[in-house]
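1. can't give you the sequence, but here's the structure:
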């Protein structure tokens, strides 16, 4: 069954939150697709993931590369799953893909300061529950550690 995790960003940026979440996914042996809604955002994340840390490396590529199927992390704007990922991150209000049930985990990261993002997350929560997915809600505590909330 697909597990859907909702990560509520407050006083945090996606650029600060995404790399550690991707690192944890790779540590678990998962392949990942990160879906945004614009080529510019995917390219900005591509540049960021090369430079976010001096002592860490996240092997990744954007969806247009010829060897996308070989990449552990793909940054995409499309619903396809070119690298046979078992985890899909949805950012920037990207929609749930039609094949959502083919993933072990979907991580929906939304900006808590954006009313449209909050509304979209609520709609996705309802849709995921209706499809029988296991859904959890995560919020960072005052120290920036993710806590599961009820």
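-> Structure received. Predicted model, so just to flag it, every value in this text is computed and none were measured.
2. Report the central residue of this protein.
-> The centroid of the chain falls nearest to residue 89 when counting by C-alpha atoms, centre = their mean (2.0 Å).
3. helices and strands around the helix with the most length in the chain, which ones?
-> Looking across the chain with DSSP state H, the single longest helix is helix 115-130. Here helix 115-130 touches strand 3-9, strand 105-111, strand 134-140, going by 3 or more C-beta pairs under 8 Å, 6 or more residues apart in numbering; DSSP states H and E. From N, CA and C alone the C-beta is placed, and that goes for glycine too.
4. go with 10 Å
-> Using 3 or more C-beta pairs under 10 Å, 6 or more residues apart in numbering; DSSP states H and E, the elements in contact with helix 115-130 are strand 3-9, strand 87-90, strand 105-111, strand 134-140.
5. Pick the most deeply packed of the ones you listed.
-> strand 87-90 (a mean of 26; mean count of other C-beta atoms under 10 Å).
6. Sheet-wise, list the partners of that strand with their directions.
-> Strand 87-90 has these partner strands in its sheet, going by DSSP bridges: strand 32-35 (parallel), strand 105-111 (parallel).
7. Okay, now the unreliable bits of the protein?
-> For the chain, no stretch is flagged by pLDDT under 70.
8. Run a quick neighbour tally on residue 1.
-> Counted with other C-beta atoms under 10 Å, the neighbours of residue 1 add up to 9.
9. so it touches residue 102, yeah?
-> No: in this structure residue 1 lies outside contact range of residue 102 using C-beta atoms under 10 Å: 11.5 Å.
10. what is in contact with those two at once?
-> Residues touching both residue 1 and residue 102 (C-beta atoms under 10 Å, 6 or more residues apart in numbering): there are none.
11. Could I get the strands paired with strand 87-90 in JSON lines, plus columns for distance to residue 127?
-> Converted to JSON lines, the strands paired with strand 87-90 look like this (distance: least, C-beta to C-beta, whole Å):
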{"stretch": "strand 32-35", "distance to residue 127": "16"}
{"stretch": "strand 105-111", "distance to residue 127": "11"}
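12. Which stretch among those approaches residue 128 most closely?
-> strand 105-111 (7.9 Å; C-beta to C-beta).
13. Can you check what angle separates the closest one from strand 3-9?
-> Angle, strand 105-111 to strand 3-9, by axes from the mean of the first three to the mean of the last three C-alpha atoms, to 10 degrees: 20 degrees.
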